[in-house]
Each structure stands twice: as structure tokens, then as C-alpha cells.
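**Student:** sequence and computational prediction follow.
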Amino acid sequence: MFGVTGLVLITCFSFVGTSELYFVNDEAAHVRIQEVLVPEYGVIGGNAALSCLFTPAHSIYSVRWYKNGREFYSFLPGEIEHPVTVHRSMGIDVDVTRSTANTVYLRNLTLESTGRYRCEVSGEAPFFPTDTQYQDMLVIALPDKGPKIRGARKRYHEGDSLGVNCTAQSNPPVNLTWYINRMPVSETLLTRYPVFNSTHGNSTIHSSILGLAYLVHRKDFVEEDNRLTLRLRCVASLYDVYYKAKEVEVSLRTNEKQGLGRINHKPTVTENKTESMDSSLKYSSFTSGSLSIYSHYVHSKYLFSILTMTTLTYYLQ
């Protein structure tokens, strides 16, 4: 009987001990990463803050960061004097003075900084429960200048072929868009050329070219300051971090017989208006003038005849 009772007590003790161990394991299992914040895009030469938010804030053995599977930063709260360790990695420059258990600050970003960044949080011994999450960052090389428009003339006649190209350099390639008078151009008028790649040091730069072939129509021109003008606009954009545009203005040449006369970039002067007068109007003016002179001549001759007859009558008497 004693033996059985002892067995029961021992069993109860074992059960209590198991319950205590399970409680420790359950607490450790609550190490959870709530959110990993990594910029979607970075710019060459710029900075980036990588954040890892987790619970609980205590009972943490280590926080580690990896880029493309390779560890580059670790924070061990238990190491009071030197909690931070940085491992050399391509494209990684950690600002140790600002980095903590929750945030890692990167500086001097390069194209090699592009990659997948993963945060790994581990709890205390003896179980070292671990949770991990990741986000991707793309580092881009922005153009030093905006897009360039090549091939545009200052003036066109109706029916002329207008052929222009828009170019821009970046990494990755920018998205180019043509507008005529701020209206998007139909895809049928565009020519998308292959991207040209060039190497500058350790970086690759992509040159994007978008062509526009357009038949000039008078209806597309807008009258401004006594001129018929058309605006060509090229926009270069890269995700939501870059947007620049280049715009040129061209004029329409019209025939001299048309009402507006010849279109110039300079304001139309009086002489030009006179030269552009319709030939029928010139003829009408000339005819009216001629008739006026002729009428004056006839009238004068008639008066002269009357005067002569009056004189002869006087002498005959």
C-alpha cells in the first residue's frame, strides 16, 4: 500500500514539474515579429532605415539582419559593452552609432544594396524560439538631368512628318511617355527602341529611347499670341521616386493666302500683314483707285469742255 501511495505522489510531482516546464516553453513561444519595415526603393548615395518590431521587448537573446541570406548585423542585448556586431557585406554600410535592436540604419547606398532584407529574432535559452520576416528593397540610379527631346524643328507645314526621340538614362530603365498638348499619344504613333546598356565603374546605366512619328495637322495647333503652336511633352518616371518632364513648342507655317498669314516666332508686324493680304483684295483696291482717278479725269475733261464752249460763245457775240 505504501508503495502505491509513493507512486502516486511521485506521479503528481512529475506532473507538476512538467506543467512548470510547459509554462516556460509557452512564454518563449510568444516571440513574434509584428512588422518589418524596409523602404521599397532606395536611391544611390542615400540612406535607408530598416525596422523590426517584435514582442516581447524583453527575454530576447538576439536580433539579426540578413541580406540575400547573408548575415550583416546582429544585436545581442545580453552583451552590455558591445551588443552590436557588423559583418562585411557587399553594398552594406551600417551606421553603428544610430543602430539599435529595433532599427538598423544603412548609409551610402549603392546598386549592390538591392536585395532581400530579413530580420530574425530569437528568445532566451533554453529553447531560443525564433521568428523571422523579410522585405525587399530596390536601389535605383536616378538620372542627373531630366529627359531630352531630339529631332524637333521650330516650324512645320501642315502635312509635314514630325519625328522626335525622347531619351533618358537611369538604373533601372525609366518609363517614358509622350504627350501632345498634354494629351497622351496613341501607341500607334510610338516607337519603343531597345534599351542600351553602358558600364560606369561598377554600375550599369540603361539608356531608354521612345520615338514619336506624327503627321502634322492644323487642327492640333492652338492659337497663342498670334501664332499656331503645338506642345510636345516627354515625361520620364521611375516608380514613385522620380518624375521629370521636358517640353518643347513648335509652330505651324501657313500659306500666305490664308487669313493668319505666315506664322513666325516673332510678333507679326504691320508690313507682314500687308504682304499677306489676299490678292483679290489687292486687285479690288487697285481697281477702286483706278476708277477714282478715271472719274476725276472724266469730270475734269467735262468741265474743260463747258468752259471752252462758253468762251467761244462770248467771242461770237
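**Tutor:** It's in. Numbering: from 1, shown residues only.

**Student:** in the chain, what residue spans correspond to helices?
**Tutor:** For the chain, helices defined by DSSP state H occupy the ranges 2-28, 270-275, 279-316.

**Student:** weakest of the ones you listed by average pLDDT?
**Tutor:** The weakest mean pLDDT among those belongs to helix 270-275, with a mean of 31.

**Student:** now for His217: which residues touch it?
**Tutor:** For His217, the residues meeting the contact criterion (Cβ atoms under 8 Å, 6 or more residues apart in numbering) are Glu158. C-beta coordinates here come from the backbone N, C-alpha and C atoms, glycine included.

**Student:** point out where the stretch 1-150 of the chain drops to low pLDDT.
**Tutor:** Scanning the stretch 1-150 of the chain for pLDDT under 70 picks out the ranges 1-29.

**Student:** mind running it again at 80?
**Tutor:** Low-confidence segments of the stretch 1-150 of the chain, defined by pLDDT under 80: 1-30, 57-58.

**Student:** for it, just list every one of the strands.
**Tutor:** Here the stretch 1-150 of the chain has its strands, by DSSP state E, counting those that start in this stretch, at 32-37, 41-43, 48-55, 60-67, 70-75, 84-86, 103-106, 115-123, 130-140, 148-150.

**Student:** any idea which of those gets closest to Ser161?
**Tutor:** Closest approach to Ser161 among these (Cβ to Cβ): strand 148-150, 15.5 Å.

**Student:** how many other residues sit next to Asn171?
**Tutor:** Look at Asn171: counted by other Cβ atoms under 10 Å, it has 20 neighbours.

**Student:** try Val250
**Tutor:** With other Cβ under 10 Å as criterion, Val250 counts 19.

**Student:** against Asp225, how distant is it?
**Tutor:** 14 Å (Cβ to Cβ, to the nearest Å).

**Student:** check Tyr214 too.
**Tutor:** Distance, Tyr214 to Asp225, using Cβ to Cβ: 23 Å.

**Student:** domain-wise, how is the protein divided?
**Tutor:** With domains defined by automatic domain parsing, the chain comprises 26-140, 148-267.

**Student:** for the residue lying closest to Lys148 once chain neighbours are set aside, give the beta-bridge partners.
**Tutor:** Nearest in space to Lys148, with sequence neighbours left out and distances taken as Cβ to Cβ, 6 or more residues apart in numbering, is Thr167 at 5.2 Å. Thr167 has these beta-bridge partners by DSSP bridges: Lys148, Ile209.

**Student:** so who does Thr167 touch?
**Tutor:** Each residue near Thr167 by Cβ under 8 Å, 6+ apart is listed here: Pro147, Lys148, Arg150, Ser207, Ser208, Ile209.
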